[in-house]
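K.L.:
Need coordinates for the following:
(2 chains)
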Protein chains: 2
Amino acid sequence: MARNTHVPADTSAPPITAILARFVAGHRSRGWSDAVDREAHRTFYNWLGCAIGAARHEAAEAALDAVQMLQPAPQATVLGRNEKVDMASAALINGITSHTFDFDDTHLKTIIHPAGPVASAVLALGEQRGASGRIVLDALVLGIDVACRIGNTMYPDHYDRGWHITGSTGTLGAAAGCARLLGLDERKTAMALGIAASQPVGLREQFGTMTKPFHPGGAARAGLLSALLASRGFTASERALEAPRGFVQVVSDKRAWHEVTDELGERFEISFNTYKPFACGIVIHPSIDACVRLRGQGVTASQVERIELRVHPLVLELTGKKTPKDGLQGKFSVYHGCAVGLLYGRAGEEEFSDAVVNDPQVFALRDKVQATVDPAIDEASVAVTAVLTDGRRVEMRVDHAIGSMQNPLSDAQLQAKFYALVAPVLGQARADEITAACRALDSVEDIRSLTALCAG
Amino acid sequence: MARNTHVPADTSAPPITAILARFVAGHRSRGWSDAVDREAHRTFYNWLGCAIGAARHEAAEAALDAVQMLQPAPQATVLGRNEKVDMASAALINGITSHTFDFDDTHLKTIIHPAGPVASAVLALGEQRGASGRIVLDALVLGIDVACRIGNTMYPDHYDRGWHITGSTGTLGAAAGCARLLGLDERKTAMALGIAASQPVGLREQFGTMTKPFHPGGAARAGLLSALLASRGFTASERALEAPRGFVQVVSDKRAWHEVTDELGERFEISFNTYKPFACGIVIHPSIDACVRLRGQGVTASQVERIELRVHPLVLELTGKKTPKDGLQGKFSVYHGCAVGLLYGRAGEEEFSDAVVNDPQVFALRDKVQATVDPAIDEASVAVTAVLTDGRRVEMRVDHAIGSMQNPLSDAQLQAKFYALVAPVLGQARADEITAACRALDSVEDIRSLTALCAG
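P.N.:
Down below sits the predicted model:
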């Protein structure tokens, strides 16, 4: 990317992932000299002695105490399913699923998706401990504040360098939230942050694979474990975040420390969180929103001769796929987004299913969408003209798409989104119950009354 | 460090770790506006819907399948103890203990300690599966090859930048070893490497805390989990290691790709592994070795008027502590190292205990050691003169200390080191049995016959 301040990207690197995979999977057993095999025996023997020798060290005691907090296994709910697993695994899986549809939330200043790592960790831990809803909420607010403030400190350099900032700062947010939920004191909280600092999760190269949603899940898991370790006396550097060889300086050349301290405890980053109205990349949200609004004004697919979009250049660069073949490709097609927006008035996960992408009606309307680049149009905006078969032209300009800071989802819209996601999995009645419990989360005595509703 | 090619280190950063810890631990419950609390409710509710909505996605199925491989809990041995835990936790703890004494092994070209992450992962997984000794050895050799070759590709830039290279490359080595042990095919092995690439573990700022040995443990755990996920169909980028926003380019400006491919399958990096003879930083090994050799020539503490060292400047910079107060400080004192070397002929973990550091005899001899810097002396060398009370001067020059590539530990010396570590924990008889099993590791049918011996 243009903003990368480091040595230029090397786009001609040999395929070392594939080369090493072939080697590891295919090299024959003991396919080396006796000398190499002797060294393997010595390496193993030496390692074994070191591990046994330190078996009673205080670090071993603390670590074992912490991992034993993960047992017995069925501690926490896998949301929407009937399996229970240990709380660290629950944090992992709930972090994965919450980000799987690219439909979660966005702290726009850093494009961190903050709930994935933080809520996944604090809910799993809260369930294991029977925490109150209030305690879970406090942990959520504070954990998100830590993740996003560290993100503010490093963005955009850290992101440009290739880190998936949701996971790399999410470990810290999850650790902070879990430390809070455990009631750790200042010193142990600092240790939790320190242990977490050594475990950033997430590379942008993974976008388009399951490892992208793994990032918030892995961060939740690592942060939770960091807090458990700290609670049992495990130690880390007291300057793990800010030291020259600490987290921020190692992973970013931008180090705007004041972002951590400015108005700390007065301004909360969760105030700047936004919720995605559409299950796709944010650059096509204005276009979809415009088509949904056209539909609201009575424009129907059958009336449409063509739809003309004027968009920011990035829209076609990232989502210019004219003829998507499946649901995933549909998420990278502004044409598809406009078609479902006008036809259905929404663009949730269902509208990006294979079936909808290949629906003849959707296909036909998609074909009528034309997009031209206009550098005068802001990234958050779009100008749409519906040209109707009777010759009328209906204009729709969107300056701030639904779901932006300026035009947030209303509670009713957020609820509609929730139902579209939850009812197909748990049914309408359960969606009602969960919604009621979430509204009253502040006064829920034991969070397990909520997680029980979320089990499949 | 002088070699850091990035923006200069900022040594005046505010103590943000402590500031955030105080905030998270101390901020009052619901200490924010109603608007903030409303956003917390919305953030939680939105996150919950996303997670439930994707509960049956293939990513969720794969991840849940993988973490369920960790259950039921007591799958693998914590070495030297009677507890059994799930295999991922065993990998973590055995990785921690093997590095706790700073006494393990070193791939000198990269200063990676390769067995910690790789052996800890493959032994825990091998135990759960009842793998043969041969399979474990193959996984160890190949896993170490992957970690050290990636290390060669990036060293020294990656290390100078502040990464603890043992953990950051160790995740890949552990994933490779576990993929091999599971018998994954090329594609799934590439996925395991890809998932692991998103989880580097380790910052140098943590040196001196428990989080330093956490790094190989955390890497072992992350690598093992990556292989389990890949085995269940979880996906990652096929170019996770080499892409512009892949692992190597994100964490290093040095990208010597040929280090991965040169003589792959012909030259094995485990051949260049070395074993620490002394339980302390490698810069004082030549001095200790010289004093052990003086002792071998009959020089005794009671004869000594003084001991004069001529050392490389780094020795006093890193280990110049003249009057250590406890065992940990003793590891940073070349004076203490020389004293125990001459008195006991060794410098294992016991010689760095608080008791030995404060022993009057050790104290007295330590006081007689004098060190001067000589830039003409190599880092791996020392020139020592024992000036005796009768006026004699006994010279001892060490060009390559014991434990170096040029002067490796013999099998007998390695065994003596092993016994000094293991006998105090498991007894002499068990140390005999484990030693015999390790010698015959190649023909062990089920590795559980070995791990059973290693339980406390």
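K.L.:
Which residue does the stretch 301-450 of chain A have closest to chain B?
P.N.:
Distances between the stretch 301-450 of chain A and chain B by Cβ to the nearest Cβ are smallest at A:Leu421, namely 3.1 Å. (C-beta placed from N, C-alpha, C; glycine too.)
K.L.:
That residue belongs to a strand, doesn't it?
P.N.:
No: counting by DSSP: H, G, I helix; E, B strand; the rest coil, A:Leu421 falls outside a strand, being helix.
K.L.:
Now do the contacts for it.
P.N.:
By Cβ atoms under 8 Å, 6 or more residues apart in numbering or on different chains, the contact set of A:Leu421 is A:Phe101, A:Phe103, A:Gly348, A:Glu349, B:Gly49, B:Cys50, B:Ile52, B:Gly53.
K.L.:
residues contacting the second one?
P.N.:
Contacts here follow Cβ under 8 Å, 6+ apart; on that basis A:Phe103 touches A:Lys276, A:Phe278, A:Ala279, A:Gly348, A:Glu349, A:Leu421, B:Cys50, B:Gly53.
K.L.:
related to what we said a few turns ago, could you identify the most distant pair in the contacts of A:Leu421?
P.N.:
Greatest spacing in the contacts of A:Leu421, by Cβ to Cβ: A:Gly348 and B:Ile52 (13.4 Å).
K.L.:
hmm, back to that, which one among the contacts of A:Phe103 gets closest to A:Glu83?
P.N.:
For the contacts of A:Phe103, the nearest to A:Glu83 is B:Gly53 (16.8 Å; Cβ to Cβ).
K.L.:
Now do the same contact list for the closest one.
P.N.:
Counting by Cβ under 8 Å, 6+ apart, B:Gly53 makes contact with A:Gly80, A:Thr97, A:Phe101, A:Phe103, A:Glu349, A:Ala420, A:Leu421, A:Val422, A:Pro424, A:Val425.
K.L.:
which one of those residues has the most neighbours?
P.N.:
Among those, A:Thr97 has the most neighbours (other Cβ atoms under 10 Å in any protein chain shown), with 31 neighbours.
K.L.:
moving C-terminal of the helix-or-strand element of chain A with minimal mean pLDDT, what's the next helix or strand?
P.N.:
Every helix and strand of chain A was ranked by mean pLDDT, DSSP states H and E. The lowest is helix A:58-68, at a mean of 86. Using DSSP states H and E, the next helix or strand after helix A:58-68 towards the C-terminus is strand A:76-77.
K.L.:
State the next helix or strand along the chain beyond that following strand.
P.N.:
strand A:84-85.
K.L.:
what packs against that following strand?
P.N.:
Helices and strands touching strand A:84-85, by 3 or more Cβ pairs under 8 Å, 6 or more residues apart in numbering or on different chains; DSSP states H and E, are strand A:76-77, helix B:58-68.
K.L.:
Could you tell me which strands the shortest one is paired with, and in which direction each runs?
P.N.:
Strand pairing for strand A:76-77, using DSSP bridges, gives strand A:84-85 (antiparallel).
K.L.:
Can you list the low-confidence ranges for chain A?
P.N.:
Low-confidence segments of chain A (pLDDT under 70): A:1-6, A:71-73.
K.L.:
can you rerun that using 50?
P.N.:
A:1-4 (pLDDT under 50).
K.L.:
How is it partitioned into domains?
P.N.:
For chain A, the structural domains run A:68-275, A:282-398, going by automatic domain parsing.
K.L.:
The last one and chain B, are they touching?
P.N.:
Yes: part of domain A:282-398 sits near chain B under the criterion Cβ under 8 Å from any Cβ of the partner chain, namely A:Glu349.
K.L.:
what distance separates the start and the end of that domain?
P.N.:
14 Å (Cα to Cα, to the nearest Å).
K.L.:
The longest one now?
P.N.:
Domain A:68-275 has an end-to-end distance of 36 Å (Cα to Cα).
K.L.:
ok, back up a step: quick check: the two most widely separated of the contacts of B:Gly53?
P.N.:
A:Thr97 and A:Ala420 (15.4 Å).
K.L.:
about what we covered before: compare the helices and strands packed on strand A:84-85 and give me the one nearest B:Ala190.
P.N.:
The minimum distance between B:Ala190 and the helices and strands packed on strand A:84-85 falls on helix B:58-68, with 15.5 Å, by Cβ to Cβ.
K.L.:
any idea how far the closest one is from the chain center?
P.N.:
30 Å (Cα atoms, centre = their mean, to the nearest Å).
K.L.:
How about it and chain A, any contact?
P.N.:
Yes: Helix B:58-68 is in contact with chain A by Cβ under 8 Å from any Cβ, via B:Glu58, B:Ala59, B:Ala60, B:Ala62, B:Ala63, B:Leu64, B:Val67, B:Gln68.
K.L.:
of those, buried ones?
P.N.:
Among the residues of helix B:58-68 next to chain A, the ones that count as buried by 16 or more other Cβ atoms under 10 Å in any protein chain shown are B:Ala59, B:Ala60, B:Ala62, B:Ala63, B:Leu64, B:Val67.
K.L.:
quick one: which two of those are the most distant?
P.N.:
B:Ala59 and B:Val67 (12.6 Å).
K.L.:
what do the two both touch?
P.N.:
Joint contacts of B:Ala59 and B:Val67 (Cβ under 8 Å, 6+ apart) do not exist.
K.L.:
returning to what we had before: for A:Gly348 and B:Ile52, indicate the residue with more neighbours.
P.N.:
The neighbour comparison of A:Gly348 against B:Ile52 (other Cβ under 10 Å) goes to B:Ile52, with 30 against 22.
K.L.:
roughly how far apart are that one and chain A?
P.N.:
4 Å (Cβ to the nearest Cβ, to the nearest Å).
K.L.:
Contacts only, for A:Glu242.
P.N.:
Contacts for A:Glu242 (Cβ under 8 Å, 6+ apart) come out as A:Val248, A:Gln249, A:Trp257, B:Ala13, B:Pro14, B:Pro15, B:Ile16, B:Thr17.
K.L.:
So which of those residues belong to helices?
P.N.:
A:Val248, A:Gln249, B:Ile16, B:Thr17 (DSSP state H).
K.L.:
Sort out which one of those lies nearest B:Ile270 for me.
P.N.:
Scanning the ones in helices among the contacts of A:Glu242 for proximity to B:Ile270, where the rule is Cβ to Cβ, the winner is A:Gln249, at 33.0 Å.
K.L.:
And the closest one, how close does it get to B:Thr166?
P.N.:
To B:Thr166, A:Gln249 is 20 Å away according to Cβ to Cβ, to the nearest Å.
K.L.:
And A:Gly167, by the same measure?
P.N.:
22 Å.
K.L.:
Looking only at neighbour counts, state which of the two leads.
P.N.:
Between A:Gly167 and B:Thr166, counting by other Cβ under 10 Å, A:Gly167 is the more crowded of the two (35 against 31).
K.L.:
can you tell me how far the more buried one sits from A:Val201?
P.N.:
Taking Cβ to Cβ, one finds A:Gly167 at 4 Å from A:Val201.
K.L.:
residues bridging contact with these two, i.e. touching both?
P.N.:
A:His215, A:Gly218, A:Ala219, B:Ser198.
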